[in-house]
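Undergrad: Let me see the structure of the following:
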Amino acid sequence: MSCRAPFRSLLALLALAAVSCPASARPAPARIVDGWYAHNATLIMLGASRRIVGTVVAPDRFRWMYRVAPWLAKAHLFPSMSLGAEAVLALHPDLVFVTRQSNVAAGLRALGLDAVPVGFTDFAGMLDTIDDTAARLDTDEARQQAQRYRAAFTALLGEETAHPVGHRPRVLHIAAFDPLTVDGDRTIIDEWIRHAGGVNAAEGLHGNKRPVSIEQILAWSPDVIILGADAGMPDRSGGAGLWDRLAAVRNGQVFRNPAGVFNWDRYSPELLLQLSWARQIVATGRIDRPDMIDRIRKFYRSFYDVALTPDDAGRILDAMPPR
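TA: Numbering: from 1, shown residues only. Coordinates of the predicted model:
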């Protein structure tokens, strides 16, 4: 058949284009829609934030993300992770990331979009997601950053955790007070608690953000309580009068989880900082503030290409927004 022969259908044209331009030769995606809050932080780390044309991250929810990547303000803001197909198409994206739970990838693919479901529940899954994202971004910067991050995370996991022999503090992670929910096992939170040298106090509870009563927390009697950055305060839990009966409260072992570009405790590259922070709490019952401020500044310089002041780093450590 002559190369000059007319195409009988659009399908034939697309087929020839696929042969003429294999995936490996296609240009790196220039327009990206990201439908998972946490994954936006991965794109920022991999140097792709200027390519984000659609996001679910509102500037008033993750203010450090917009501080680190201010051009996100130009992206279309989707109201939920169930991305509307019409709105996505209008952005003409080369690549769309969606959560597995949203179940929208198949529908977007049927419209001809390159839709990639993302999500993970453990360290290995996070590292694989970062590597896969770097491969899809197809730039030297993305691949190098992914390699550097994997090396740093693996090295940190390889360090010995210092805690008294035979004693593993019982750590409870509270996701929210209104309603009262905590994080059980089979979660990335359970994994960092264990790697820090602790034991998840939420015995018999599986999954994230599971509803419990204050009486159940009293029965668990955790040695350490970690509050999610946006968990709220116990006076909204309906059982605030029982809060002071907890040994962790009486012993000053209640800590607010830091939050920066994303919450440290869940699904983002700052899990590298979370491990160091949690290890200090489990090993010593306190935070080495100067050390953590130094770690935060080095991390942001290395992985987000941002120079933070000590005050900036201190606010991230305290789960406070930028000034």
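
Undergrad: Residue 290: how many residues sit nearby?
TA: Neighbour count for residue 290, taken as other C-beta atoms under 10 Å: 10. C-beta here means a position set from N, CA and C on the backbone, and glycine is covered the same way.

Undergrad: tell me which element it is part of?
TA: Element membership for residue 290 (DSSP states H and E) is helix 289-303.

Undergrad: Give me the next element, helix or strand, following that helix.
TA: Per DSSP H and E, the first helix or strand lying C-terminal to helix 289-303 is helix 310-317.

Undergrad: Which neighbouring elements make contact with that following helix?
TA: helix 289-303 (3 or more C-beta pairs under 8 Å, 6 or more residues apart in numbering; DSSP states H and E).

Undergrad: if we look at the helix it packs on, which residues are touching it?
TA: If you take C-beta atoms under 8 Å, 6 or more residues apart in numbering as the criterion, helix 289-303 is touched by 45, 68, 145, 148-149, 152, 260, 269-270, 272-273, 276-277, 280, 306-308, 310, 312-314, 316-317.

Undergrad: Put the buried members of those residues into a PyMOL selection.
TA: Burial among the contacts of helix 289-303 is assessed by 16 or more other C-beta atoms under 10 Å; the matching PyMOL selection reads:
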select buried, resi 45+68+145+149+260+269+270+272+273+276+277+280+306+308+312+313+314+316+317
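
Undergrad: mind listing the helices for the stretch 151-300 of the chain?
TA: Using DSSP state H, counting those that start in this stretch, the helices found in the stretch 151-300 of the chain span residues 188-195, 214-220, 240-243, 247-250, 271-284, 289-303.

Undergrad: can you give me the end-to-end distance of stretch 58-72?
TA: One end of stretch 58-72 to the other measures 9 Å (C-alpha to C-alpha, to the nearest Å).

Undergrad: Also stretch 189-203?
TA: Taking C-alpha to C-alpha, stretch 189-203 runs 14 Å from one end to the other.

Undergrad: can you tell me which residues contact the residue lying closest to residue 55 once chain neighbours are set aside?
TA: The spatially closest residue to residue 55, leaving aside those adjacent along the chain, is residue 75, at 4.7 Å (C-beta to C-beta, 6 or more residues apart in numbering). Going by C-beta under 8 Å, 6+ apart, residue 75 touches 52, 53, 54, 55.

Undergrad: Among the residues you listed, which lie within strands?
TA: In strands, defined here by DSSP state E, the members of the contacts of residue 75 are 52, 53, 54, 55.

Undergrad: ranking those residues by neighbours, who comes first?
TA: residue 55 (27 neighbours).

Undergrad: pLDDT wise, what is that one at?
TA: According to the prediction, residue 55 has pLDDT 98.

Undergrad: Can you list the strands that the biggest strand by length in the chain pairs with?
TA: Criterion DSSP E: the longest strand present in the chain is strand 170-177. According to DSSP bridges, strand 170-177 forms sheet pairs with strand 180-182 (antiparallel), strand 199-200 (parallel), strand 224-227 (parallel).
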